[in-house]
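Participant: A structural model of the following input is requested.
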Amino acid sequence: MTTAETTEERELLAAARGGDEGAFQRLVEPRRGELLAHCYRMTGSVHDAEDALQEAMLRAWRGLARFEGRSSLRSWLYTIATNTCLNLIERRPKRVLPIDYGPSVDPHDGGLGLPPTESVWMEPFPDEQVGLADGYAAPEARYELRESVELAFVAALQHLPANQRAALILREVLGFSAKEAAASLDTSVASVNSALQRARKTVDESLPEQSQQATLRTLGDDGLRKVVEGYMDAMSRGDVEAVVSMLAEDAAWSMPPLPAWFHGTEALRGFLQFGPLSGDWRWRHLPAHASGQAAVGSYAWFEPDGTYRPFALDVLTLEGEKIKAVTSFITRSTLSRDEHFYERYPEQPMDDSNLSAQFERFELPDEA
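Facilitator: As a prediction, this is how the structure comes out:
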């Protein structure tokens, strides 16, 4: 931070302490995106992250007079956000992906399962919209910022006890020292180091050998474009075999908020033939980014509006040039219990309460 920036921050801090709410907003606004990402890592949900951040900012405003400057403003805000998330985690169910919720299913058995009555699903993160930076938050960090919002990483975090989750994020993602992390969590350095050691083991066992960031760098822009455009073209044409040829042999396809997911070449071929590429619906697709990964906005023809409307945000997990997983975050309502619900699923109304896949968050239009 430059001297000029330090001076400006101090002036804004003094004005905010004097009751100037506008000064407070200018002080915290540059950090809002990174704090939202932090709350997302903690909770696995953009909706929960926004709730936590709003509460944390209110707590910071009310407690500003008690900020004595013994730590940086950034550390102080992260401390408040972390503890707000810990409180929220106690009250809400753990967020997971369908592959962690139950076993894969046979596409020939029919039905995709009814969503749980209470949302338990992880959500994609709009990393482009909040300006998530490339690289590391600090030299001491172990994970890149974009890597730390990838679906596999955030899913692994959700399996950790909350204190281990917080310790790992503070130390390995944000680059806090053990002393800073201990102060944030109101515990000892020894406790933080112990929690971190256990968290590292669990997360390392869960993650693939290569992150999506490393895979994307290996592919390069042209290689990534080839994969994404090939996927969109094959899906739009309804070419089941072309899609299958792009998938890894042990690929998985899931569709939150539906619990069903499919695994392996034959199951995925059956699912595509039975479901999205059965020929009953018309599709269009647009490229996107989400959770630090390649993504595709999938639009289905929606007769009531006479246009192509958002159906799902497909987040692609790549393994080299192959697609290892498609996590298709569906935007359509699952409230119908009609016996023909799944046959006409793309014709269901939009689910306006589904914040996880509102397309404008991912810089996608609301029709195609």
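
Participant: Tell me which other helices or strands the helix with the most length in the chain touches.
Facilitator: In the chain, with assignment by DSSP state H, the single longest helix is helix 212-237. On a contact count with 3 or more C-beta pairs under 8 Å, 6 or more residues apart in numbering; DSSP states H and E, helix 212-237 meets helix 240-245, strand 283-290, strand 293-302, strand 307-319. Every C-beta, even on glycine, is put in place using the N, C-alpha and C of the backbone.

Participant: What residues sit buried inside the third one?
Facilitator: Of the residues in strand 293-302, 293-302 count as buried by neighbour count, 16 or more other C-beta atoms under 10 Å.

Participant: okay, the helices and strands packed on helix 212-237 in TSV with mean pLDDT and distance to Arg142 next?
Facilitator: Below are the helices and strands packed on helix 212-237 laid out as TSV (pLDDT from 0 to 100; distance: least, C-beta to C-beta, whole Å):
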stretch	mean pLDDT	distance to Arg142
helix 240-245	98	36
strand 283-290	97	23
strand 293-302	94	19
strand 307-319	95	21
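
Participant: what would those look like in a markdown table with distance to Asn87?
Facilitator: Shown next, in a markdown table, are these (distance: least, C-beta to C-beta, whole Å):
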| stretch | distance to Asn87 |
| --- | --- |
| helix 240-245 | 44 |
| strand 283-290 | 27 |
| strand 293-302 | 30 |
| strand 307-319 | 29 |
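
Participant: between the ones you listed, which gets nearest to Ala252?
Facilitator: strand 307-319 (8.7 Å; C-beta to C-beta).

Participant: Contacts for whatever helix or strand comes next after that closest one next, please.
Facilitator: Using DSSP states H and E, the helix or strand that follows strand 307-319 in sequence is strand 322-330. Contact partners of strand 322-330, identified using C-beta atoms under 8 Å, 6 or more residues apart in numbering, comprise 97, 99, 123-124, 151, 208, 227, 231, 246-248, 250-258, 298, 311-318, 351, 354, 356-357.

Participant: Filter the residues you listed down to the buried ones.
Facilitator: 97, 99, 123-124, 151, 227, 231, 246-248, 251-258, 298, 311-318, 351, 354, 356-357.

Participant: give me the low-pLDDT residue ranges for the stretch 1-150 of the chain?
Facilitator: 1-5, 110-118 (pLDDT under 70).

Participant: thinking again about what came up before, so which of the helices and strands packed on helix 212-237 comes closest to Lys179?
Facilitator: strand 293-302 (34.0 Å).

Participant: what lines up beside that closest one in the sheet?
Facilitator: Note on strand 293-302: by DSSP bridges, its sheet partners are strand 283-290 (antiparallel), strand 307-319 (antiparallel).

Participant: Can I get the shortest one as PDB, trimmed to CA atoms?
Facilitator: Presented in PDB, the C-alpha positions along strand 283-290 are these (Å, rounded to 0.1, in the frame of the first residue of the first chain):
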ATOM      1  CA  TRP A 283     -31.000 -25.500 -27.000                       C
ATOM      2  CA  ARG A 284     -28.700 -22.600 -27.400                       C
ATOM      3  CA  HIS A 285     -25.400 -22.000 -25.500                       C
ATOM      4  CA  LEU A 286     -23.100 -19.100 -24.600                       C
ATOM      5  CA  PRO A 287     -19.600 -19.300 -23.100                       C
ATOM      6  CA  ALA A 288     -19.100 -18.100 -19.500                       C
ATOM      7  CA  HIS A 289     -16.800 -18.400 -16.400                       C
ATOM      8  CA  ALA A 290     -17.800 -19.400 -12.900                       C
END
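
Participant: Now do the buried residues in that strand.
Facilitator: Buried positions in strand 283-290, judged by neighbour count with 16+ other C-beta under 10 Å: 283-286, 288-290.

Participant: same deal with stretch 266-286?
Facilitator: So stretch 266-286, judged by 16+ other C-beta under 10 Å, has buried residues 267-273, 275-277, 281, 283-286.
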